[in-house]
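Peer 1: Pasting the sequence and the predicted coordinates here, then a few questions.
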Amino acid sequence: MKKLVKNNVYWVGKMDWELESFHGADYSINNGSSQNAYLIQEEKTVLIDTVWKPHSTEFVDNLESEIDLKKIDFIVMNHGEIDHSGSLPALMEKIPNTPIYCTANAVKSLTGQYHHPEWNYKVVKTGDSIDIGNGKKLVFVEMRMLHWPDSMATYLTEDNILFSNDAFGQHYAVEELFNDKADQCRLWEEAMKYYANILNPLSPLVTKKVEEVVGLNLPIEIIAPSHGAIWRDNPLQIVNKYYEWSKEYQEDQITIAYDTMWDGTKQLAHKIASEISKISPDTRVKIFNISHADKNDIMTEVFKSKAIAVGSPTVGQNILSSVGGWLEFLRELKFKNKEAAVFGCYGWSGESTKVLRERLTESGFKVVEPEIKCNWNPKTEDLDKATAIAEALCKTTK
Ligand SMILES: Cc1cc2nc3c(=O)[nH]c(=O)nc-3n(C[C@H](O)[C@H](O)[C@H](O)COP(=O)(O)O)c2cc1C
C-alpha cells in the first residue's frame, strides 16, 4: 500500500519489522527497519529506488496494484546496494526498456550484481536534471563514497524533497513514516548508531558534502532517506547533527570494553570505572563485556566517548579472540582524537597489554602510559593501579 509523503510523492517501500540483522550479522537491528522506495506521479511517473531482494515479489505486486507498471517513465537508482536495488531484476522483467538514471559507478555495481549490461542506463552527474512535468525537475547530486562509490541523492524541485538514500537514515521501523511521529529517543539513538557504525570512517567526506549541499542553498522541506523515518519536521536538524558528528565528535564519556575467562580482567574493568567516577564524577562511564554486549551498541558508545579502556587476559600469548575481532571492527571505524588505556590479567608470559597497545595505536588511538598488567587474579596493589589509568583518561578534555 502506498503512503502519501507530499502532493504527488508516495512511499512504496517495505516496513521491515522482522529484520534482525543487516549486512549479514555486521549490524544488529533491534527496532525493525525499512527500505524506503518512492513513487512520484507527475506528468511523468518516476520510481526512486526499490527494496531488498527477499521482498521483491511483494514490492512488485504492491506497485502493480497501485499503477500500471508500463506507466513508469523512469527509475532512479540512488545506490546499487542490494537493499535498494534487489527488486530491480523482478521489476525489469516486466518493464525491460525503462530508463534507469544512476551514476557511472552504479552502472558498474548494478551490472556486477545482476549481470544485465543491456538495461537502459542513463548516466548522470552532479547538477544534471530531468523534467518530470508540472514545472518540476529531479536534480542529481553525486554522493561518492557516502557510502559507496555509486551513491547519489536526488532533489525534487517545487516539492523541495531531498531523496538522500543512505545518508540521514536509520535502521528503525516507523510505520507512520515521519520523524515527528517517531519515538524521539529511539530515533536519535538509531540515527547515531547508523552514523557511528557505518558512516564514521567517512566523516571527512561527510563534513565536505554537508558544506557543499548547504552551500547550494536549496530549499529543503523534506529529507527522505532510504531507511527509517522521513525528516519533515525541521529536516535540517539531522543535517546539522551529521556536521557535528563528522567533526571528531565526543561527549564527556569514557567507555570500558573487556572480555575475561575467570573474571580477573572484569574486576580490573570495574575498578577503573569506579576510580573514574571518584576522580571525575561528571564523566559518564559505561562498561561492556565484549562477548555479551551488542558490538554495534558498544561502538556507538565508543563514538560518544573521549577515551576508552580495553582489557583482555593473555591467551595463547595473545588476546582473547572476541577482543581481537572487536578490535578489527574498531579499526575499520577510524575513530579520531580519542585516548585509550589497556589492562588485563595473565599467568606466565603476559602479552595481552602489549598486543592491545599495538592494536589500539594502529587504530588511531593515543594510548596512555599507565596500564594494569596483572599476574593471575588481582591483588590490592593491582587494583590500586586503576587510579593512574583513571587519572590519565580523565585528563582528556572534551
Ligand atoms: C586457554 C588458556 C590459555 C592461556 N594462555 C596464556 C598465555 O599464553 N600466557 C599467559 O601469560 N597466560 C595464559 N593464560 C593464563 C591466563 O592469562 C590467566 O589465567 C589470567 O589470570 C586469566 O585472566 P581472567 O581472569 O581475566 O580470565 C591462559 C589461560 C587459559 C585458560
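Peer 2: Great, that's in hand.
Peer 1: only C-alpha atoms for contact and neighbour calcs from this point on.
Peer 2: OK.
Peer 1: Tell me the secondary structure of residue 313, please.
Peer 2: Each residue gets one of three states, and residue 313 gets coil by DSSP: H, G, I helix; E, B strand; the rest coil.
Peer 1: For it, give me its contacts.
Peer 2: Under the criterion of Cα atoms under 8 Å, 6 or more residues apart in numbering, the contact list for residue 313 reads 259, 260, 261, 265, 319, 320, 344, 345, 346, 352.
Peer 1: Among these, which lie within strands?
Peer 2: Secondary structure defined by DSSP state E assigns 344, 345, 346 of the contacts of residue 313 to strands.
Peer 1: Turn those into JSON lines, columns for neighbour count and distance to the ligand.
Peer 2: Written out in JSON lines, the entries for those read as follows (neighbours: other Cα atoms under 10 Å; distance: Cα to the nearest ligand atom, whole Å):
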{"residue": "344", "neighbour count": "33", "distance to the ligand": "6"}
{"residue": "345", "neighbour count": "31", "distance to the ligand": "4"}
{"residue": "346", "neighbour count": "21", "distance to the ligand": "3"}
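Peer 1: Distance-wise, check the residue in the stretch 101-250 of the chain that the ligand sits nearest to relative to residue 301.
Peer 2: As assessed by Cα to the nearest ligand atom, the ligand sits closest to residue 197 within the stretch 101-250 of the chain, at 27.6 Å. In this structure, residue 197 and residue 301 are 11 Å apart, going by Cα to Cα, to the nearest Å.
Peer 1: Quick check: which ranges of the protein have low pLDDT?
Peer 2: Judged against pLDDT under 70, the low-scoring parts of the chain cover residues 396-398.
Peer 1: Which elements pack onto the longest helix along it?
Peer 2: When secondary structure is assigned using DSSP state H, the longest helix within the chain turns out to be helix 264-279. Packed against helix 264-279, as judged by 3 or more Cα pairs under 8 Å, 6 or more residues apart in numbering; DSSP states H and E, are the following elements: strand 253-258, strand 284-289, strand 339-346, helix 386-394.
Peer 1: what's the most buried one of these?
Peer 2: For the helices and strands packed on helix 264-279, average neighbour numbers computed from mean count of other Cα atoms under 10 Å are highest in strand 339-346, which has a mean of 27.
Peer 1: Just the C-alpha atoms of it, please, in PDB.
Peer 2: Taking only C-alpha atoms (Å, rounded to 0.1, in the frame of the first residue of the first chain), the coordinates of strand 339-346 have been written out as PDB:
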ATOM      1  CA  GLU A 339      42.600   8.300  24.100                       C
ATOM      2  CA  ALA A 340      42.800   4.700  25.300                       C
ATOM      3  CA  ALA A 341      44.200   2.700  28.200                       C
ATOM      4  CA  VAL A 342      44.900  -1.100  28.300                       C
ATOM      5  CA  PHE A 343      44.600  -3.700  31.100                       C
ATOM      6  CA  GLY A 344      44.500  -7.500  31.500                       C
ATOM      7  CA  CYS A 345      45.400 -10.500  33.700                       C
ATOM      8  CA  TYR A 346      48.000 -13.100  32.700                       C
END
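Peer 1: between it and strand 253-258, how big is the angle?
Peer 2: Strand 339-346 runs at 30 degrees relative to strand 253-258, counting by axes from the mean of the first three to the mean of the last three Cα atoms, to 10 degrees.
Peer 1: Show me the strands paired with strand 339-346, marking each as parallel or antiparallel.
Peer 2: strand 307-311 (parallel), strand 366-367 (parallel), strand 372-375 (parallel) (DSSP bridges).
Peer 1: Quick check: which of these is nearest to the ligand?
Peer 2: Across the strands paired with strand 339-346, closest to the ligand is strand 372-375 (Cα to the nearest ligand atom), at 6.4 Å.
Peer 1: Pull the residues that contact whatever helix or strand comes next after that closest one.
Peer 2: Elements were assigned by DSSP states H and E; along the chain past strand 372-375, the next helix or strand is helix 380-384. Contacts made with helix 380-384 from outside it, assessed by Cα under 8 Å, 6+ apart, are listed as 268, 271, 372, 373, 374.
Peer 1: what's the burial count for the residue lying closest to residue 135 once chain neighbours are set aside?
Peer 2: Nearest in space to residue 135, with sequence neighbours left out and distances taken as Cα to Cα, 6 or more residues apart in numbering, is residue 158 at 7.8 Å. As a burial measure, the neighbour count of residue 158 was computed by other Cα atoms under 10 Å and equals 14.
Peer 1: do the same with residue 380
Peer 2: 7.
Peer 1: Then residue 220?
Peer 2: Neighbour tally, residue 220, other Cα under 10 Å: 19.
Peer 1: dump the residue contacts of the residue nearest to it when sequence neighbours are not counted.
Peer 2: Once its chain neighbours are removed from consideration, residue 220 has its nearest residue in residue 160; the separation is 5.0 Å (Cα to Cα, 6+ apart). Each residue near residue 160 by Cα under 8 Å, 6+ apart is listed here: 218, 219, 220, 221, 222.
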